[in-house]
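Visitor: Sequence and predicted structure, then a few things I'm wondering about:
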Amino acid sequence: MKAMRFHAPGDVRLEDVPEPECRTDEVKIRVRNCSMCGTDLKTLRNGHHMISRVTTMGHEIAGEIVEVGSGVAGNWAPGDRIQTISNIPCGQCYECRRGWTQICQNQASMGFQYDGGFARHMIVPAAMLRAGGLNRIPDGVGFAEASAAEPFSCAINAQEQLGIEEGDTVVVFGAGPIGCMHVRIARAVHGAGTVILVNHRPGRLAKATALVHPDHAVDSSVVDVVDAVRDLTGCRGADVVITATPAGQNQQQAVEMAARNGRISFFGGLPRTAPTITLDSNLVHYRQLHIHGTNGSTPEQNRQALDHFAAGTVRADDLITDRIPLDDGLRAFDVLAGGDAVKVTVEP
């Protein structure tokens, strides 16, 4: 079968590999959609500390079961439509015992330690099954949308920390799929008032604005975004700021534009080559700001994402702008890097 395999930074190959065999404590799936995100692009370019061998990439996975190991518990059967978590908690460490499975210190991930979903078939490892990370796709939710449940669940995780209240002004940096999801969650789930979407690429900003309809769209390539937000809020600033970008400048601007008692999510990680920022800590002190890191999601938050899709509270199917067959899968990296696509999915 074909698979997109990471060999080294800058070296991802579409190659023939043997179809995986299912052991007694595993489940084998036919991958129908595996969507791509910025982490995949960063891994292509720079590698990843969690990859120590040649590995099939892909961690936003949806498909159908083709085989269930004889020792697998639960009511699973061939033909079941499923979505998988990406980050697999160990269930044993201090963080897991506290229920903080998204920051498990022994976390493993699909597409990194385990072969992922950029292939026709994939094995769901026993560790994922133990963690409760295999989820049924509800009726009415397609495979492509279900594959977006993983990034959607990460946005759910971030916003649960922020205490968004009805009527809050929310600024989202980044007009990619995560930024679009943040706009929708802030409104539909938490009742945000004014939502402001910020991006430095006008083409992507226009496309995202047409999809998720923020109250204001700010092109940060032509205006000072801090001044723009203060103007839009009567000089008060934003109650909540989410930086769904890999840009340190946006994290600094988030602190500068936050209102008193503002909550900030550093959602997007920074490049390993530039992981530090400079911020005015007096703003944090005197405005009583709350800065949150965020990492991944829990199995339960994946299920919440699927439930939102099924209920129509928030959808993601229309955010998928590019569907690329696996035989042409390497092109997906170029499409994602081009900056005009919103969500890219690979279809094995």
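Guide: Yep, that arrived. Numbers count the residues shown, from 1 in each chain.
Visitor: Show residues contacting the helix or strand bottoming out on mean pLDDT in the chain.
Guide: When the helices and strands of the chain are compared on mean pLDDT, DSSP states H and E, helix 38-46 comes out lowest with a mean of 89. The contact list for helix 38-46 (Cβ atoms under 8 Å, 6 or more residues apart in numbering) reads 6, 9-10, 12, 48, 51, 57-59, 111, 176, 246, 268, 271-272, 333, 336-337. Just so you know, the C-beta spots here come from the backbone N, C-alpha and C atoms, and that holds for glycine as well.
Visitor: Just the buried positions in that helix, please.
Guide: Neighbour-count burial for helix 38-46 flags 38, 39, 40, 41, 42, 43, 44 (criterion: 16 or more other Cβ atoms under 10 Å).
Visitor: Let me know the secondary structure of the closest residue to residue 317 other than its chain neighbours.
Guide: Closest residue to residue 317 apart from its sequence neighbours, by Cβ to Cβ, 6 or more residues apart in numbering: residue 145 at 4.1 Å. Secondary structure, DSSP: H, G, I helix; E, B strand; the rest coil: residue 145 is helix.
Visitor: neighbours of residue 304, just the number please.
Guide: Neighbour count of residue 304, defined by other Cβ atoms under 10 Å: 20.
Visitor: Would you agree it falls within a helix?
Guide: Yes - looking at residue 304 with three-state DSSP, it is inside a helix.
Visitor: residues contacting it?
Guide: Residue 304 sits in contact with 153, 156, where contact means Cβ under 8 Å, 6+ apart.
Visitor: Use 48 as the first number from now on
Guide: Got it, first residue is 48 now, which makes that one residue 351.
Visitor: pLDDT score for it?
Guide: Looking at residue 351, its pLDDT is 96.
Visitor: From the contacts of helix 85-93, list just the buried residues.
Guide: Among the contacts of helix 85-93, those buried by neighbour count (16+ other Cβ under 10 Å) are 53, 59, 95, 98, 104-106, 158, 223, 293, 315, 380, 383.
Visitor: in a strand, that's where residue 286 is, yeah?
Guide: Yes - under three-state DSSP, residue 286 sits within a strand.
Visitor: pretty sure residue 136 is touching residue 151, no?
Guide: Yes - Residue 136 lies in contact with residue 151 (Cβ atoms under 8 Å); the separation is 3.8 Å.
Visitor: Spell out which residues are contacts of both of those two.
Guide: Joint contacts of residue 136 and residue 151 (Cβ under 8 Å, 6+ apart) are 142, 143.
Visitor: if you take the average position of the protein, which residue is closest to it?
Guide: Nearest to the geometric centre of the chain sits residue 198, at 2.5 Å (Cα atoms, centre = their mean).
Visitor: Spit out the contact partners of that one.
Guide: By Cβ under 8 Å, 6+ apart, the contact set of residue 198 is 82, 84, 107, 224, 225, 228.
Visitor: can you do 7 Å?
Guide: 84, 107, 224, 225, 228 (Cβ atoms under 7 Å, 6 or more residues apart in numbering).
Visitor: Next, count neighbours for the third one.
Guide: Okay, so that is residue 224. Residue 224: 28 neighbours (other Cβ under 10 Å).
Visitor: could you measure it against residue 234, distance?
Guide: Shown here: residue 224 relative to residue 234, a distance of 16 Å by Cβ to Cβ, to the nearest Å.
Visitor: and if you look at the first one?
Guide: Applying Cβ to Cβ, one obtains 22 Å for the distance of residue 84 from residue 234.
Visitor: what sits up against stretch 180-197?
Guide: With contact meaning Cβ under 7 Å, 6+ apart, stretch 180-197 is reached by 74, 79-82, 106-110, 127-133, 135, 171, 175, 346, 349-350, 352-353, 356-357, 363-364, 366-367, 370, 390, 392.
Visitor: Enumerate every residue touching residue 231.
Guide: Counting by Cβ under 7 Å, 6+ apart, residue 231 touches 259, 361.
Visitor: what ranges do the helices span in the stretch 248-395 of the chain?
Guide: Taking DSSP state H, counting those that start in this stretch, the helices of the stretch 248-395 of the chain run over residues 249-259, 272-279, 295-304, 328-333, 346-358, 378-385.
Visitor: Now do the same contact list for residue 289.
Guide: Contacts for residue 289 (Cβ under 7 Å, 6+ apart) come out as 205, 219, 220, 229, 312, 314.
Visitor: same check, this time on residue 171
Guide: 73, 74, 76, 131, 181.
Visitor: One more: residue 265?
Guide: 243, 245, 272, 275.
Visitor: For these, pick the one with the most neighbours.
Guide: When neighbours are counted by other Cβ under 10 Å, residue 245 leads the contacts of residue 265 with 30 neighbours.
Visitor: quick one: that one is in a strand?
Guide: Yes - assessed with three-state DSSP, residue 245 lies in a strand.
Visitor: what bridges to residue 390?
Guide: residue 367 (DSSP bridges).
Visitor: what number of residues lie near it?
Guide: Residue 390: 28 neighbours (other Cβ under 10 Å).
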